[in-house]
Structure formats: structure tokens, C-alpha cells
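S.K.: kindly generate the corresponding structure for this input.
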Amino acid sequence: MKRLTLKDVAKMAGVAPSTVSFVLNGKGKQMRIRDEVATRIMQVAEKSGYEPHRMAVNLRTGQSKTLGLIVESISGSFFASLAKTIETEAERKGYNVVYCSTENNAQKGGELIRMLGRQMVDGYLITPAPGMEKEIQHLVQQHKPVVLMDSYFPAIKAPYVLINNFDGVQQGMKHLIGKGFSKIAFVTVDIKLIQIEERLRGYVTALKEHKLPVKKKYILQLQYHKQREDSLKELQAFIEANPEIDAIFFSTNYLGILGLEVLARLGLRMPQDISVICFDDHDIFRLYPPGISVIEQPIEGIAKAVIDLLMQQLDKTSGPMRKSSIELPGKFILRGSA
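M.R.: Residues are numbered from 1 along each chain as shown. Got it, this is the predicted structure:
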């Protein structure tokens with residue numbers, strides 16, 4: 001079936017192609033086109049199923065009304081919820097969202113940025129993988145609207161939104177220590193991201209503030225790209241090698257899910273045998289008996305903040321950005337595991 005053109009719509013509406021163009025691009029009133037003519041054109045365009053060619057519209061208006069969203073993993077609970085919420089916020093501002101994931105692979109992240117550039121997106125929302133500094137710096141140097149989220153690179157002056165990871169861990173640690181736990185393990189990953197480093201710093205600082213020893217043997221750093229079964233074996237060996245541990249803090253929700261499986265294998269009960277807190281919530285944690293205590297990230301707050309920062313950059317009339325970085329608080333949710 002032949003694709004309808006702007007000229008076809010003009011012929012059906014009985015007007016000049018330029019009149020159709022002005023109306024469909026929202027410039028009808030500016031060009032003093034009568035309301036009844038504009039209404040007729042919109043009705044014809046809708047009934048005929050006319051869709052402007054995206055590339056042509058981009059070139060003509062300088063806007064695609066599309067945002068590129070790059071996250072760590074679209075299959076993960078946190079990023080899937082965040083992506084959906086960002087999409088909702090963007091739609092309220094009149095934008096569509098194209099999203100994709102890096103799986104924390106810098107090379108893939110660079111390829112995705114270039115792909116979105118070819119699609120002429122108006123702005124970028126990015127959870128950067130380690131090693132993506134060059135690509136992010138290039139966007140900044142090209143004055144492309146960009147906001148980083150969940151992580152950032154201190155040496156690059158790009159707007160970012162994240163939660164206070166340090167304080168989030170401190171909240172959970174203070175709860176555990178306040179209940180008398182002193183042999184608290186910390187399970188994390190070996191990737192060099194600011195949020196992961198801040199969570200570990202929160203753990204270490206909490207121990208020091210309460211005059212508890214920081215023991216390296218109580219800290220496990222799993223390889224991020226390790227096979228799942230291998231990670232389970234390493235985590236099980238870690239717990240078996242330290243039977244005196246009375247609590248474990250997992251620095252991500254997927255590590256917490258691995259932990260639940262290992263604890264079940266070992267026959268350890270929560271909280272009778274061991275207490276557990278995990279950074280970031282998950283449906284499993286709400287359903288798994290006795291309920292897993294977590295540090296909850298404010299997904300709606302993050303989504304609204306990143307869209308607001310991006311809109312400030314896209315709005316050429318808004319002047320200098322009011323704020324280039326936003327740090328939101330996490331919330332400790334107490335359930336039965338701690």
C-alpha cells in the first residue's frame with residue numbers, strides 16, 4: 001500500500017500542502033490559518049492514517065520529540081520500573097522514549113549512543129557503564145542534552161540524578177547494629193561505579209562509627225559478569241567459611257536474590273539464624289517469607305528529576321540550569337528478615 005504524503009492530505013482537505021504543514025507542526029495560529037480549516041486538516045489526517053516521515057520532520061523542525069534512554073539492564077526489576085516511570089513522565093511532556101540496555105558493557109553503551117544519535121533523539125538519559133567516560137564527554141562537548149542517573153563520572157560536568165547510596169546503607173547498618181549485631185557481612189560486586197563504591201563506604205563507615213572492627217574477610221566482592229551458578233557457589237563458600245556471621249547486607253537486589261537461594265540451600269532461617277538487608281527492593285522481597293528488609297529507591301522521584309533536568313536543557317528559553325545534580329534519599333523498609 002502506498003504511503004500517504006503531505007500532498008495527498010492537502011488534496012483531500014482542499015488546501016495547499018504548505019497549509020497542511022503549518023497545521024500539523026502546530027503553527028496554524030501563528031500563520032493565521034482559520035480554526036475551521038485547521039480542524040478539517042486534522043480530521044483528514046487522522047481518518048486517513050497519515051503519519052509524517054520521521055526523518056523529514058526532524059530535519060524540518062529540528063526536533064524528533066523522542067528521548068533515548070540507556071539503562072544497565074531492562075530485565076532487572078529496578079531499571080524496568082524506572083524505565084516505565086520515565087516513559088510516563090516523558091509522555092506528559094509530549095515525548096516518546098526509546099530504551100535499551102548496556103548490560104554494563106562500555107562498548108555496547110557507546111554503540112547505543114551512536115545508534116540513538118542516528119535516530120536523531122532530542123536528548124539522552126543514561127545509566128553509564130564503567131568505561132563510558134569518552135562517549136559521555138563527547139555528548140557534553142557537542143552540547144547534547146544529557147542526564148546521567150544512578151551513577152555518574154565525577155570528572156565530567158554532566159547533570160545527574162541518584163540517591164544517597166552512602167546514607168541508605170548507613171540507615172540499614174544502624175538498624176542492625178542497634179539490634180546488637182556485630183558480625184555483619186557485606187556482599188557486593190567488583191565493578192567500579194560510584195554508587196557501588198558509596199554503598200561499601202557506608203558499610204565501612206557505620207562499623208567505624210560504632211567502634212566495630214572492619215574485617216576484610218566479611219566483605220565479598222563477586223565478579224559482575226560471573227555465571228550465576230558460579231556466583232552461588234562462591235557466596236555459599238563465603239558463608240560457610242564465616243559461620244559466626246550474624247547478618248548480611250547485600251548491595252544490590254540481584255545479589256540479595258542469590259543470597260536467598262544460598263541461605264535456603266544451607267538451611268539458614270531469617271531472622272532466627274541470620275538477618276538480611278538488601279539495597280533496592282524487588283517483588284520477591286515483599287513475598288518471600290518473612291519479608292526482606294530493604295533500602296528502597298524513590299523510582300518516581302528519580303524519573304521526575306531526570307525528566308526535569310532534561311527538559312531544562314531542551315527548553316532554549318529557560319536560561320541557565322537551576323540545578324545540575326540531584327541527590328534523593330533512600331528509605332529503609334523494615335520487614336521480617338532483620
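
S.K.: what's around Gly172, how many residues?
M.R.: Other residues within reach of Gly172, judged by other Cβ atoms under 10 Å, total 27. Heads up, the C-betas are built off the backbone N, CA and C, glycines and all.

S.K.: that one: what's it in contact with?
M.R.: Counting by Cβ atoms under 8 Å, 6 or more residues apart in numbering, Gly172 makes contact with 249, 277, 279, 293, 295, 332, 338.

S.K.: so what's the first one up against?
M.R.: Looking back up the chat, that one is Phe249. Residues in contact with Phe249, defined by Cβ under 8 Å, 6+ apart, are 169, 172-173, 176, 184-187, 203, 276-279.

S.K.: now it: how far from Asp280?
M.R.: 12 Å (Cβ to Cβ, to the nearest Å).

S.K.: picking that back up, considering the contacts of Phe249, which possesses the most neighbours?
M.R.: When neighbours are counted by other Cβ under 10 Å, Cys278 leads the contacts of Phe249 with 29 neighbours.

S.K.: quick one, strands of the stretch 1-150 of the chain?
M.R.: Applying DSSP state E, counting those that start in this stretch to the stretch 1-150 of the chain gives strands spanning 66-71, 96-101, 123-126, 146-149.

S.K.: other residues contacting the first one?
M.R.: When you say that, I think you mean strand 66-71. Residues outside strand 66-71 that contact it (Cβ under 8 Å, 6+ apart): 79, 82-83, 86-87, 90, 95-102, 109, 112-113, 116, 119-127, 150, 310.

S.K.: that one pairs with which strands?
M.R.: With DSSP bridges as the test, strand 66-71 is paired with strand 96-101 (parallel), strand 123-126 (parallel).

S.K.: got the CA positions of the longest one in PDB?
M.R.: Coordinates of the C-alpha atoms in strand 96-101 are reproduced here as PDB (Å, rounded to 0.1, in the frame of the first residue of the first chain):
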ATOM      1  CA  ASN A  96       8.300   9.300  23.300                       C
ATOM      2  CA  VAL A  97      11.100   7.200  24.700                       C
ATOM      3  CA  VAL A  98      13.300   4.600  23.000                       C
ATOM      4  CA  TYR A  99      15.100   2.500  25.600                       C
ATOM      5  CA  CYS A 100      17.900  -0.100  25.500                       C
ATOM      6  CA  SER A 101      20.400  -1.600  27.900                       C
END
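
S.K.: average pLDDT across it?
M.R.: Averaging pLDDT along strand 96-101 gives 90.
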